[in-house]
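A.B. asks: Next one to model:
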Amino acid sequence: MLWHLSSLFCVLFLLLLHAQPVLCGETVPTSLDLADIFATYKATGTMKVVDERPGRTRVWIHNPIRAEQRFAPASTYKIPHTLFALQAGVVRDEFQLFAWDGVERSFPGWNRDHTLRSAMRYSVAWVYLDIARRIGGQQAKIFLQAISYGNADSGTGQDPYWLDGPLAISASEQIDFLHRLYGNKLPFALAHQRLVKDILLIEADRDWRLRAKTGWNGKTGWWVGWVENEDGPTFFALNIDTPDQMNDLPYREAIGRRVLCRLQALPTSACLDAGVLVSSCCAGRLDSFELLEDAQMPMHKN
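C.D. replies: Numbers count the residues shown, from 1 in each chain. The predicted structure is shown next:
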C-alpha cells in the first residue's frame with residue numbers, strides 16, 4: 001500500500017513539472033525555495049531551471065503556474081530569429097555588414113554599421129526588423145512551426161510580432177528550445193546552430209561559460225540561456241512583470257544570477273552582492289531601447 005502511495009506521489013510530481021525526467025528519489029523543491037530571491041526585488045514572475053549536472057536536483061521552479069504561461073518573447077526571439085536568417089540565406093555569416101541607414105536613433109550605439117554578432121549583443125532593433133522583412137511572415141511561421149516555438153504565430157509578419165504578439169512563449173518552452181539548440185537538435189544546419197551559440201556568449205572563464213539573452217516589451221522582462229560547466233549544462237528561463245518600466249530591468253539578470261549562484265551553477269567570481277547586481281548587471285544590455293525604437297520603425301511591406 002505504501003509503495004503504491006509513493007509511486008502515485010512521484011507521478012503527480014512528474015505531471016506537475018510537465019513530465020521532466022525527475023527521479024523519484026530526488027528532492028524536488030517547491031516554489032518557496034526561490035521565493036525569497038524574488039521577494040528581495042519585490043518582483044512578480046517565474047524562473048525555471050533545469051540542471052543536467054550529475055548528482056544535482058533536476059528541476060527548480062519559482063511560480064510553476066506562470067512557468068507554463070506564454071508571453072511575448074521580445075528580444076529573446078533574436079536567438080531563433082538569427083537561426084532563421086542564416087537558414088533562409090538572408091544573412092551569410094557573422095561577418096556580413098549591415099549598413100547603417102543614416103537615421104539617428106535614440107541610442108548612439110545603434111547609429112553605425114553592425115555585424116550579426118554586434119546586432120545580437122546590443123539588440124539592434126533596426127537590423128532585426130530588416131531581417132524580419134527579408135524572411136517574410138510566411139517563412140517565419142514555417143520556421144517557428146518546425147521548431148515548435150511557443151504558439152509559432154508570426155501573424156502577418158509585417159509588424160514586430162515578437163514584441164506585442166501574436167508570438168508568445170512560456171518559460172518552460174524557452175528551456176525546451178534552448179536545450180535543443182545546445183544539443184544541435186534543431187532542424188537547421190549544424191554550422192548555423194553553432195554560430196548562434198557562439199554569439200550568445202556573454203561571460204566565460206576557463207571552466208565555465210554563460211550564454212544568455214535578455215528581452216523586454218514594456219510589460220514583461222526576460223532573461224534566458226544556460227551555463228556550461230565541465231560536468232554539464234544548467235538551463236534557465238526567467239520572466240518578470242515590469243510595472244516600473246526600465247527601472248525594473250536590472251532585476252531580470254540580478255534575480256537570475258542570484259538563483260544560479262545559489263544552485264552553484266555560476267562560480268563565486270560571477271556572484272556579486274545583490275546591490276551591485278542591480279547597478280551593474282545590465283551594462284551593455286541595450287534591449288530596453290528596443291520598444292522605443294520599434295515604434296519609430298514600421299515594417300516595410302514585402
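A.B. asks: Mind listing the residues bridging to the most centrally placed residue in the chain?
C.D. replies: Centroid-nearest residue in the chain, with Cα atoms, centre = their mean: Val224, separated by 2.8 Å. Beta-bridge partners recorded for Val224 (DSSP bridges): Lys213, Ala237.
A.B. asks: That one against Asp176, yeah?
C.D. replies: No: contact criterion Cβ atoms under 8 Å: Val224 and Asp176 do not qualify, at 11.3 Å. C-beta here means a position set from N, CA and C on the backbone, and glycine is covered the same way.
A.B. asks: Need the pLDDT of the residue nearest to the centre of the chain.
C.D. replies: Val224 is assigned 98 on the pLDDT scale.
A.B. asks: repeat for Ile175
C.D. replies: At Ile175, the predicted lDDT confidence score is 98.
A.B. asks: Also Gly284?
C.D. replies: Model confidence at Gly284 (pLDDT) stands at 41.
A.B. asks: next one: the one 5 residues further on
C.D. replies: At Phe289 the predicted local distance difference test score is 43.
A.B. asks: Please apply the same query to the one 5 residues further on.
C.D. replies: Asp294 carries a pLDDT value of 38.
A.B. asks: repeat for Gly102
C.D. replies: pLDDT, Gly102: 87.
A.B. asks: if I pick the residue nearest to the centre of the chain, what's in contact with it?
C.D. replies: Each residue near Val224 by Cβ atoms under 8 Å, 6 or more residues apart in numbering is listed here: 76, 79, 171, 174-175, 178, 212-213, 215, 236-238.
A.B. asks: Do I have it right that Gly45 meets Ala237?
C.D. replies: No: using Cβ under 8 Å, Gly45 is not in contact with Ala237; the gap is 10.6 Å.
A.B. asks: Between the two, which is the more surrounded one?
C.D. replies: Taking other Cβ atoms under 10 Å, Gly45 and Ala237 do not tie; Ala237 has more neighbours (27 against 24).
A.B. asks: what residue ranges in the stretch 101-250 of the chain are flagged as low confidence?
C.D. replies: The model of the stretch 101-250 of the chain has pLDDT under 70 over residues 158.
A.B. asks: need the helices for the stretch 1-150 of the chain, in chain order.
C.D. replies: Remark: helices assigned in the stretch 1-150 of the chain by DSSP state H, counting those that start in this stretch are 2-16, 32-40, 64-67, 78-88, 116-121, 125-135, 137-146.
A.B. asks: Hmm, I typed the wrong one, I wanted the stretch 201-302 of the chain.
C.D. replies: Under DSSP H, counting those that start in this stretch, the stretch 201-302 of the chain gives helices at 250-262, 274-280, 290-296.
A.B. asks: quick one, the first one and helix 32-40 angle?
C.D. replies: Helix 250-262 and helix 32-40 are oriented at 150 degrees to each other (axes from the mean of the first three to the mean of the last three Cα atoms, to 10 degrees).
A.B. asks: Perfect, I'm done here.
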